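# no sequence on this one, just coordinates:
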């Protein structure tokens, strides 16, 4: 059974700092990996999707990498801003004819203070 | 932009009631999903549907059923609500049948069963 772990559980940084969020998974036979952001009391917003054949994806100040063989992904946020404060979730897409079903980590709560 | 709309943000029901949670997406997506999110347990998949009238159980289907009569609408049904079904419920949709597309989420329904 796939298990997804995110470290750290919470992170507090000053504005302007570059930071890395970590995600690890136990079964390397994944289809893809998706990073989401969740604001308090809201749904999830998709940030980046990395297919299993890719090594990284970039969007603005965000860069996500994927190392399937070691079962790890990282989300790098450059020049953090208070508006980046949210919970960040990684989710692994299951293989086979799974129609994109995802297994989620518990999330990292990020606080960026001015 | 993809829009996934959940009919209620907050809902309070009584034990034993039959409860309907509605979700509508406007992007002609084939796949739709229902999750629940609980502190310490993260997001867990209840049911998903990959086409009209087609459904499959997720990881925690007990006590729930679903209906997908039209492509854009996916309903979650609590047959006889119980207090342990108090939770945040999130609906998502994605295009394609093979999981290449990112999932897009609604804002969630916070359901309380008294």
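Sure, I can see it. Note that the structure is predicted; figures quoted are calculated from it, not measured. Numbering: from 1, shown residues only, chains lettered A, B, ... in the order given.

# can you report how many residues lie near residue A:34?
25 (other Cβ atoms under 10 Å in any protein chain shown). Where C-beta positions appear, they are placed from N, C-alpha and C, glycine not excepted.

# what residues does chain A have near chain B?
A:31-32, A:34, A:36, A:41-46, A:49, A:51, A:89, A:91, A:93-94, A:97-102, A:104-107 (Cβ under 8 Å from any Cβ of the partner chain).

# swap the cut-off to 10 Å and go again
Contact residues (Cβ under 10 Å from any Cβ of the partner chain) of chain A with chain B: A:1, A:4, A:6, A:31-32, A:34-36, A:38-39, A:41-49, A:51, A:89, A:91, A:93-107.

# in strands only, show me those.
A:4, A:6, A:31-32, A:34-36, A:38, A:44-49, A:51, A:89, A:91, A:93-94, A:102-104 (DSSP state E).

# in the helix or strand hosting residue B:11, what counts as buried?
In the assignment (DSSP states H and E), residue B:11 maps to strand B:10-13. By neighbour count on 16 or more other Cβ atoms under 10 Å in any protein chain shown, the buried set for strand B:10-13 is B:11, B:13.

# ok, stretch A:80-89 next?
A:80, A:84-89.

# that older thread, list the buried residues in the next helix or strand after the strand holding residue B:11.
Using DSSP H and E, the next helix or strand after strand B:10-13 towards the C-terminus is strand B:19-25. Residues of strand B:19-25 classed as buried by neighbour count (16+ other Cβ under 10 Å): B:19, B:21, B:23-25.

# direction included, what does strand B:19-25 pair against?
Partners of strand B:19-25 in the sheet, by DSSP bridges, are strand B:4-6 (antiparallel), strand B:73-78 (antiparallel).

# make a markdown table from those and add mean pLDDT to it.
Rendered in a markdown table, the data for these read as follows (pLDDT from 0 to 100):
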| stretch | mean pLDDT |
| --- | --- |
| strand B:4-6 | 95 |
| strand B:73-78 | 97 |
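
# contacts only, for the nearest residue to residue A:14 once chain neighbours are set aside.
Leaving aside its sequence neighbours, residue A:14 sits nearest to residue A:113 (Cβ to Cβ, 6 or more residues apart in numbering or on different chains; 6.0 Å). For residue A:113, the contact set (Cβ atoms under 10 Å, 6 or more residues apart in numbering or on different chains) comprises A:12-15, A:80, A:82, A:85.

# switch those over to a markdown table; also include pLDDT and secondary structure.
As requested, these are exported to a markdown table (pLDDT from 0 to 100; DSSP: H, G, I helix; E, B strand; the rest coil):
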| residue | pLDDT | secondary structure |
| --- | --- | --- |
| A:12 | 97 | strand |
| A:13 | 96 | strand |
| A:14 | 97 | strand |
| A:15 | 97 | coil |
| A:80 | 97 | coil |
| A:82 | 97 | helix |
| A:85 | 97 | coil |
